[in-house]
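1. from the sequence below, what's the structure:
(2 chains)
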2 protein chains.
Amino acid sequence: MADRERPTLAGLGEFAVIEELVARRTQTRLVEVGPGDDAAVVLAPDGRTVVSTDMLVEGRHFRLDWSTPHDVGRKAIAQNAADVEAMGATPTAYVVGFGAPGDTPADAVTALSDGMWAEAGRTGAGIVGGDLVAAPQWVVSVTVLGDLAGRAPVLLSGARVGDVVAVIGDLGTSAAGYALWHGEIRGFDELHRRHLVPEVPYGSGRLAADGGATAMTDVSDGLVADLGHVAAASGVTVELSTAALLADRDVVAAAAEAAGADPWDWVLGGGEDHALVATFPAAPPAGWRRIGSVVDGPARVLVDGAQWRGSAGWQSY
Amino acid sequence: MADRERPTLAGLGEFAVIEELVARRTQTRLVEVGPGDDAAVVLAPDGRTVVSTDMLVEGRHFRLDWSTPHDVGRKAIAQNAADVEAMGATPTAYVVGFGAPGDTPADAVTALSDGMWAEAGRTGAGIVGGDLVAAPQWVVSVTVLGDLAGRAPVLLSGARVGDVVAVIGDLGTSAAGYALWHGEIRGFDELHRRHLVPEVPYGSGRLAADGGATAMTDVSDGLVADLGHVAAASGVTVELSTAALLADRDVVAAAAEAAGADPWDWVLGGGEDHALVATFPAAPPAGWRRIGSVVDGPARVLVDGAQWRGSAGWQSY
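-> Residues are numbered from 1 along each chain as shown, chains lettered A, B, ... in the order given. This is a model prediction of the structure:
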């Protein structure tokens, strides 16, 4: 039975919890029908909808002894929003599937929802629907919708020989934070934070598309791994220069020394930062850092002219 | 390590499994960008997107000793499609989040995907993206997009005094099947099947909207419970007549006798059939069965003039 001080999901029941989560929210002007009906209806102004989905599983993608529920909510929204940004689009709405044990305190779910709404608000969108179910551990499944506002989507396959490669956002900070958490190394508060909640450069994807980006992706698996997807889809070689990434290395260098790690493994191989990396036929927009170029050759990524021998990037298995 | 005869998710790795799942599929003409990029792009012809999501957890929403992976895939798509139907819309695309242990045979995931594509094909849509992650048990999270083709969405809140209540599709067959599976009662193959894969009356939602439906929902929690949502949202009393539901009772009567159950508990209280129930100001379209009427009064559902005392319908906790 539920502690009266801290009611649980099982104590309140699905419908009461959902009612409480939905009642406090204001939907955006893009939402014609919000939560509470069989489905939501969201405006798709340019006649297309961008859509992407990600699933996060407790113990695998987050730990509740490291992350607060609010952090988990922010991260789940952020990594979905980054996928829409990487198409050159803007998020318009999110739907959320959430599974958790019956003894989960309802206020933990409220905090998760608060985190989702906080991060969604930074992207200009809200949560229009969801599903709350019993599960042996927390599972958070977010689907994001987005609007291209008439732009052509920026694909993995558009990189052309002669393009500049540029990045905006953090590289290696999430991997650094993971190593610090895992090694129980104190200090480096900002890097600890970054592992729990990435700092996605919202709005930069749209500006990159307007600025002529030929290919784009977000760094979810690792810079070299994700540029490997661009290289494969575009049939080009991507050359990176570590000289252009020294500032990124410097951000994590002290933490790497404390953790006994190579900072380049984090900068080049660390995922989950959700920086945006794109190719441009000319100079990138303001704020983007040039880190390499697209050259003729087999589909691969070279670092300072050589195959990179560090971590191969994240896979789920 | 993977058995070479039956490779596992962990043995093949996330990317190889996804590549195999995606390679064999043909996308519909509504899909501008399909799987393999950061996000998909789906046409939204009328400038709006209908969206709904459902999460299914192994052991809670399905059992792999009852359902084949193909069944699970069909059910996951069907229950999402029913939510879009219930708005008077038509599915345009699905995205799928799937979590499973690393020792899951890859061919089980292929069968799940085959089931999803088979059911999605019945709705005229395909799967445009997804996420494959490691999880302690199977978790299937489906999000469906839909198109209203210029129609107003049919909401829970539109029922008006004097409307006819009508239903199309099965009532109580999923609950009957559950009782048969649970009681290990043989025979009744069709009812056993219905619990694993509901038979959604695809296309009927759109036709109901065109036929003037004022309110609509799908029967996911139970007929009385779901009409309770309509009654609450519309501020009306819904009166049901069991005389109009005798044919539904007859379908499950023999199974109810075998299981020692009351068939009315299944017809009035059983969820997951994903029949459509709607209110109409005049005669419902062909194929719909009149089962009651909307009258003035407090928000409630009466069965033969009295409060129904059976099962309150499904909740997740």
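
2. so does the helix or strand of chain A with the lowest mean pLDDT get close to chain B?
-> Lowest by mean pLDDT, DSSP states H and E among the helices and strands of chain A is helix A:14-23, with a mean of 86. Yes: part of helix A:14-23 sits near chain B under the criterion C-beta under 8 Å from any C-beta of the partner chain, namely A:14-15. (C-beta placed from N, C-alpha, C; glycine too.)

3. so what touches that helix?
-> Contacts of helix A:14-23 with the rest of the structure, by C-beta atoms under 8 Å, 6 or more residues apart in numbering or on different chains, involve A:9, A:12, A:34-36, A:106, A:109-110, A:113, A:130, A:132-133, B:315-317.

4. repeat for stretch A:39-46
-> Contact with stretch A:39-46 is made by A:30-34, A:49, A:92-93, A:95, A:128-129, A:145, A:147-150, B:44, B:47-52, B:83-84, B:86-87, B:89, B:144, B:146, B:148, B:153, as judged by C-beta under 8 Å, 6+ apart.

5. again, 7 Å this time
-> With C-beta atoms under 7 Å, 6 or more residues apart in numbering or on different chains as the test, stretch A:39-46 has contacts from A:30-34, A:92-93, A:128-129, A:145, A:147-150, B:44, B:47-52, B:83-84, B:87, B:146, B:153.

6. do you know how far the residue nearest in space to the middle of chain A is from chain B?
-> Nearest to the geometric centre of chain A sits A:Q79, at 2.0 Å (C-alpha atoms, centre = their mean). Separation of A:Q79 from chain B (C-beta to the nearest C-beta, to the nearest Å): 10 Å.

7. need the contact list for A:G212.
-> Going by C-beta under 7 Å, 6+ apart, A:G212 touches A:280-282.

8. the same query, at a cut-off of 10 Å, please.
-> For A:G212, the contacting residues are A:154, A:163, A:278-285, by C-beta atoms under 10 Å, 6 or more residues apart in numbering or on different chains.

9. the helix or strand following the least confident helix or strand of chain A - what's its average pLDDT?
-> Where DSSP states H and E defines the elements, the next helix or strand beyond helix A:14-23 is strand A:31-33. Strand A:31-33 shows a mean pLDDT of 97.

10. and strand A:31-33, which strands flank it?
-> Next to strand A:31-33 in the sheet, as set by DSSP bridges, lie strand A:40-43 (antiparallel).

11. show me what A:V133 bridges to in the sheet.
-> Beta-bridge pairing for A:V133 (DSSP bridges): A:G99.

12. run a quick neighbour tally on it.
-> Neighbour count of A:V133, defined by other C-beta atoms under 10 Å in any protein chain shown: 21.

13. who's in contact with it?
-> Contacts of A:V133 (C-beta under 10 Å, 6+ apart): A:9, A:14, A:97-100, A:139, B:54-57, B:60-61, B:139, B:141, B:316-317.

14. show me how far stretch A:15-26 is from its chain's centre.
-> 26 Å (C-alpha atoms, centre = their mean, to the nearest Å).

15. give the buried residues for it.
-> A:15, A:17-18, A:21-22 (16 or more other C-beta atoms under 10 Å in any protein chain shown).

16. right, and the helix or strand after the helix or strand where A:D54 lies?
-> Secondary structure assignment for A:D54, by DSSP H and E: strand A:48-57. The helix or strand immediately downstream of strand A:48-57 is helix A:69-85, counting by DSSP H and E.

17. list the buried ones in that next one?
-> Neighbour-count burial for helix A:69-85 [16+ other C-beta under 10 Å]: A:69-85.

18. tell me the angle of it relative to strand A:48-57?
-> Orientation of helix A:69-85 against strand A:48-57 (axes from the mean of the first three to the mean of the last three C-alpha atoms, to 10 degrees) gives an angle of 140 degrees.

19. what's the average pLDDT for helix A:69-85?
-> On average, the pLDDT along helix A:69-85 is 98.

20. repeat for stretch A:259-269
-> Here the average pLDDT along stretch A:259-269 is 96.

21. same check, this time on stretch A:272-288
-> Per-residue pLDDT over stretch A:272-288 has a mean of 97.

22. likewise stretch A:175-185?
-> The pLDDT scores in stretch A:175-185 average 97.

23. got the buried residues for it?
-> Across stretch A:175-185, burial judged by 16+ other C-beta under 10 Å covers A:175-181.

24. show me those that map onto strands.
-> Within the buried residues of stretch A:175-185, no residue falls in strands by DSSP state E.

25. just name the closest of the buried residues of stretch A:15-26 to chain B, please.
-> Proximity of the buried residues of stretch A:15-26 to chain B (C-beta to the nearest C-beta) peaks at A:F15, which lies at 6.3 Å.

26. top of the contacts of A:G212 by number of neighbours, please.
-> Neighbour counts for the contacts of A:G212 (other C-beta under 10 Å) peak at A:A278, which has 31 neighbours.

27. list the contacts for it?
-> The contact partners of A:A278, taken as C-beta under 10 Å, 6+ apart, are A:86, A:88, A:154, A:158-159, A:163-168, A:204-205, A:208-209, A:211-218, A:230, A:284-285, A:288.

28. excluding its backbone neighbours, what's nearest A:Q137?
-> Nearest residue to A:Q137, sequence neighbours excluded (C-beta to C-beta, 6 or more residues apart in numbering or on different chains): A:E58, at 4.3 Å.

29. the one you found contacts A:V139, doesn't it?
-> Yes: A:E58 is within contact range of A:V139, at 7.1 Å (criterion: C-beta atoms under 10 Å).

30. more neighbours: which of these two?
-> The neighbour count for A:E58 versus A:V139, taken as other C-beta under 10 Å, is higher for A:V139 (27 against 21).

31. against B:D147, how distant is the more buried one?
-> Distance of A:V139 to B:D147, computed by C-beta to C-beta, to the nearest Å: 29 Å.

32. how about A:A244?
-> Using C-beta to C-beta, A:A244 is found at 45 Å from B:D147.

33. counting neighbours, go ahead and name the busier of those two.
-> Set side by side, A:A244 and B:D147 show more neighbours around B:D147, with 26 against 15, by other C-beta under 10 Å.

34. helix, strand or coil for the closest residue to that one other than its chain neighbours?
-> Nearest residue to B:D147, sequence neighbours excluded (C-beta to C-beta, 6+ apart): B:T92, at 4.9 Å. Under the three-state scheme (DSSP: H, G, I helix; E, B strand; the rest coil), B:T92 adopts strand.
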